[in-house]
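**Student:** please find the sequence and the predicted model below.
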Amino acid sequence: MRLVNESNGIELAADVKIADTFFSRFKGLMLTDSLPVGHGLYIQPCRSIHTFFMNYSIDVLYINENYEIVGADEQLEPAKMGKRYKGAYSVFELPEGTIMNTGTKVGHSIKLIK
């Protein structure tokens, strides 16, 4: 699946995997070596995340049920807790630098495309 910022028309990721079972949400990106540019993980439902057992930083978008960005963590380093944002229903974990490089901001709308 592709992830596109509908507010500015820029693609955030060309290959997004979905974590929507207990085990896939629990595992997330733990114990992975990297998250390549153009890839991402959509965790649903999920209100907050952590980067324990990870070896690299990521960008995180917190989304409400209408796919509007209600919060963002840029360059969240390994072994850290993400923030909690009011209204967050799910999250997108993206490679470090994605938010800055695409001009993505809180309040923007995003869309998953098959």
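**Tutor:** Nice, thanks for sending it over.
**Student:** is it true that Ile10 touches Thr102?
**Tutor:** Yes. Distance between Ile10 and Thr102: 4.6 Å, which falls inside the contact criterion (CB atoms under 8 Å). Every C-beta, even on glycine, is put in place using the N, C-alpha and C of the backbone.
**Student:** least trustworthy helix or strand in the protein by mean pLDDT?
**Tutor:** helix 22-27 (a mean of 92; mean pLDDT, DSSP states H and E).
**Student:** using CSV, write out every CA atom in the next helix-or-strand element following that helix.
**Tutor:** Where DSSP states H and E defines the elements, the next helix or strand beyond helix 22-27 is strand 39-43. Extracted in CSV, the C-alpha atoms of strand 39-43 (Å, rounded to 0.1, in the frame of the first residue of the first chain):
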residue,chain,number,x,y,z
HIS,A,39,8.7,2.0,3.4
GLY,A,40,6.5,2.3,6.4
LEU,A,41,4.5,0.5,9.0
TYR,A,42,0.9,1.3,9.8
ILE,A,43,-0.1,0.2,13.4
